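*Asks:* got a predicted model here, sequence first, then my questions.
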Amino acid sequence: MHAPEEIWREQCAAAADIRSRFGRTAAFDYLVGEKLLTFVTAARSRSEFARQLPGLIAGIRELFDPDDISDDVERVERRLLERIRDEALEDDLPSSAGPDLEALRQVADFLKSSKLGTA
């Protein structure tokens, strides 16, 4: 199994490749809409992922224009809300998108902030 740092670095490299082949939106959806949300979920119960979360967020902020990140995060959030609504219409089970939406909301401010620093 790969260490968390190796995982997010490989994912950032894959996102750069996706961006060159399929465009910025596809790369953002891959890296933030899929991989970051999984990473945040893992970080809740595994400290080795939690320690690497700032590195992944920094990697995302290096790959994407800060002016676009806010709009892209909101687009991913809208997509997750739509999934929740659609799944609620289909059955009475909790939506599988609920945890992803919670994970996105946990890190959205870090992604959208104009400047990161330490206190």
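*Replies:* Great, that's in hand.

*Asks:* any idea of the mean pLDDT in the helix ranked longest in the chain?
*Replies:* Counting by DSSP state H, the longest helix found in the chain is helix 66-90. For helix 66-90, mean pLDDT is 90.

*Asks:* find the nearest non-adjacent residue to residue 31, please.
*Replies:* residue 15 (3.9 Å; CB to CB, 6 or more residues apart in numbering). Yep, even glycine has a C-beta here, placed from its N, CA and C like the rest.

*Asks:* mind checking pLDDT for the one you found?
*Replies:* 98.

*Asks:* repeat for residue 8
*Replies:* Confidence score, pLDDT, at residue 8: 97.

*Asks:* cool, the one 3 residues further on as well?
*Replies:* Reading off the per-residue confidence, residue 11 sits at a pLDDT of 98.

*Asks:* where do the helices sit along the chain?
*Replies:* 4-22, 24-30, 37-45, 47-63, 66-90, 97-112.

*Asks:* can you redo those helices as a markdown table with mean neighbour count?
*Replies:* Shown next, in a markdown table, are the helices of the chain (neighbours: other CB atoms under 10 Å):
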| stretch | mean neighbour count |
| --- | --- |
| helix 4-22 | 16 |
| helix 24-30 | 18 |
| helix 37-45 | 17 |
| helix 47-63 | 17 |
| helix 66-90 | 14 |
| helix 97-112 | 17 |
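
*Asks:* so how far is residue 102 from the residue nearest to residue 105 when sequence neighbours are not counted?
*Replies:* Spatially, and ignoring its direct neighbours in sequence, residue 105 is nearest to residue 77 (7.5 Å; CB to CB, 6+ apart). Going from residue 77 to residue 102 by CB to CB, to the nearest Å gives 11 Å.

*Asks:* likewise residue 72?
*Replies:* Counting by CB to CB, the gap from residue 72 to residue 102 is 18 Å.

*Asks:* just to revisit the earlier point, surely the residue nearest to residue 31 touches residue 27?
*Replies:* Yes. Using CB atoms under 8 Å, residue 15 makes contact with residue 27 at a distance of 4.5 Å.
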